[in-house]
Structures are given as structure tokens and as C-alpha cells.
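Participant: sequence first, then the predicted structure, then my questions.
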Amino acid sequence: MTSRKGLIIGLAIVFAAVVAVFGSNWQAVGQSAQIKTVKAADTDSGSPAAPLAVERPLASAKPAAEISSATSAASLFASAVLRNTELQDNLSWAFGGKSQRGWRLYAPLVGGLIGAEGEQTTGGFAAQLSRWQQQRGVAANGILDNSTWSRMIADWQANRLKDHTYPTPDALVTLPPAECYDPSRPEELRKVERATYVAYKQMIAAAAADPSLGLQVTRDGQLSESEKYFKVVSAFRSREYQEHLRAQSPNSGRAGLAVNSPHFTGRALDLYVGGEPVSTKDDNRAIQTQTKAYRWLVKNAARFGFRPYFYEPWHWEYVGK
């Protein structure tokens, strides 16, 4: 009797152990089958959407990928960042018969050209620059060096006014004194080509309507007389008047007062963007390129058919839309 009872107890213990082992495995198999079913539903456009509990971890994948991408750019272009930090103030180049140094002054134009906003001493800037370099057939190293800088200048210059036809008198209109930086400017120096003036008025109306610029405007949306930003400093110039200016500033060089100036066409406008209106001194241009007015032009002028002369922040040429 005792041995039979002991046998029964022993069998009960063995059975309990078997259930414990195989029951755990059956549960794991069931969970695995459920997960596989959910994954299959994700890949089959005709199946019901997967439960939110399964998809929730995937929602955090995008920010993680973005962080990883930014980290990768910083790591991959670490040496380029150091080089750009140095070259933005120390790159040696020449333009218009004058020695130049650095490209910091042209940062807004550079950013607009390659599609990169913000600081130029980051891994993100270097990464975007490398993509632009690859498109232009330049060594895609993310460094704004001499070869890349030369290509950028070539691009900007290629977009400038090509037709330097001298206008007939009936192709010119006279700017009202209130639209000039200096309202006392003589009438013969307030001429502008007709289509250029129409485009200018459209562009200024857009600027006046932009609250971020904080411009002083009239009730009808025009720049007030006291507002100086975007007012015309100079437009059409005769060849004789250009020679007069060159005689007054013999050290201006070809970059400052060209022998064959676009102003001869009446389609080049010097607009007030801050600082001394038309001084090419580096400290003055550094002030101009930081103003809201100049940065607005960099982003918006092309919509109205105007292209910049990269060396002079105030100089914009109407090439048409």
C-alpha cells in the first residue's frame, strides 16, 4: 500500500515537471506565431493594420535615424569642418585685380547656392557642400577651397546680365524722387529701363508686405519716404557718367567700377541694403551682408528676375524671369 502510494506521488511529480517544461514552450510558440502574423499583415497591403502595440516602437525610429544621420555627417566631415573654419577667413584669391581673403562675406550667397542654411562650420554644411561639389564635377570633400570657390564665382557670374545693349531714350523711365535713396538726385540720374522698373516695383511691394523686415510703409503698401532700405541708389548710367565716376575713384578697380558697366543698360540697380551705400571695403560689406534686407534679396530677388553681383551686396541686375 505504501509502495503504491509512493509510486503515485512519483508519477505526479514527473507529470508536473513535463507540463511545466512543455507549457512554457507552447506559450513561446504561440507568441512567436502571433508576431509572425502581425509582421505578415504589415507587408501585405490587403491585410488589416497591425496592432498599435506592435507598431509603437517603430515610431521612435525616425528621430533616432535623424540623430544618427546628423552624427554621421559630423563624424564623416570632421576634418572638412576644421578646414572650412580656417578658410572662411583665410582663403587667398584674387578678383577684379585685387587680392581677397576668405569667403565669410559671401555666406548668404553660398548657402543659397548649395541649399544649406545656418552656420558654414558644421558637418551638415560640409555634407551639403559635398553634394553640390559632386554635381559640379569638383572634388566632393565638403571643403570650400579654391577650386570650389572658383566654381561658385563662375556660377554667380554666369547668371548675370548678358545683353549690354545701350537703351534708347524711350526705353527709359524716370524714378520718382521718393523711390531714391537720395531724393535730391538729378533727374538724368534717375533713369531706369522700363521692364526693370516694373519688376522692381513688384519686388518692393513683396518686401513691404513682409512683416519680418519691419519696413516703414504707407497705407497703400509703399515704402515710406523715411524708409531707406531697398531704395534705389543708382540705376542707368551713361558711359560719360561712368567715366566720371572712375576718374573720381581711380583705385576702385574693375570689380568696383567696370569699364563696360551693366548700368549702361538701365537694367542694373544699386539698392540700399545697409552701411555705406556703395563702399566695397570689407568691413562695410560685412555689415551689408548681415542685414535683413540683403538676406531677403538673396532668397527672393530671383522670383522677380533679379540676379546678384556677388562682390557688391547692393548691385542687382534684371535678367528676366
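Facilitator: Good, I have the coordinates. Please read all numbers here as calculations on a predicted model, not as lab measurements.

Participant: just how off-centre is the strand or helix carrying H244 within its chain?
Facilitator: If you go by DSSP states H and E, H244 is part of helix 239-248. Here helix 239-248 is found 36 Å from its chain centre; the criterion is C-alpha atoms, centre = their mean, to the nearest Å.

Participant: same question, stretch 203-221
Facilitator: Centroid displacement of stretch 203-221 relative to its chain, using C-alpha atoms, centre = their mean, is 22 Å.

Participant: for that stretch, how far is the first residue from the last?
Facilitator: 12 Å (C-alpha to C-alpha, to the nearest Å).

Participant: again, but for stretch 245-264
Facilitator: First residue to last in stretch 245-264 (C-alpha to C-alpha) measures 13 Å.

Participant: lowest-pLDDT helix or strand in the chain?
Facilitator: helix 52-59 (a mean of 35; mean pLDDT, DSSP states H and E).

Participant: re the thing from before, which elements pack onto the helix holding H244?
Facilitator: Contact partners of helix 239-248 among helices and strands, from 3 or more C-beta pairs under 8 Å, 6 or more residues apart in numbering; DSSP states H and E: none. (Each C-beta comes from the backbone N, C-alpha and C, glycine too.)

Participant: tell me the confidence at L245?
Facilitator: pLDDT recorded at L245 is 70.

Participant: typo on my end, Q248
Facilitator: pLDDT, read off for Q248, is 71.

Participant: how about the one 4 residues further on?
Facilitator: Predicted confidence (pLDDT) at S252: the value is 57.

Participant: ok, V29 next?
Facilitator: Looking at V29, its pLDDT is 36.

Participant: and if you look at G320?
Facilitator: Reading off the model, G320 has pLDDT 94.

Participant: once you drop chain neighbours, what's closest to it?
Facilitator: G305 (4.8 Å; C-beta to C-beta, 6 or more residues apart in numbering).

Participant: contacting residues around A199?
Facilitator: Contact analysis of A199 by C-beta atoms under 8 Å, 6 or more residues apart in numbering lists 304-306, 318.

Participant: try it again with 6 Å
Facilitator: By C-beta atoms under 6 Å, 6 or more residues apart in numbering, the contact set of A199 is 304-305, 318.

Participant: redo the residues you listed as a markdown table? Include neighbour count and secondary structure.
Facilitator: Shown next, in a markdown table, are the contacts of A199 (neighbours: other C-beta atoms under 10 Å; DSSP: H, G, I helix; E, B strand; the rest coil):
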| residue | neighbour count | secondary structure |
| --- | --- | --- |
| F304 | 21 | helix |
| G305 | 20 | coil |
| Y318 | 26 | strand |
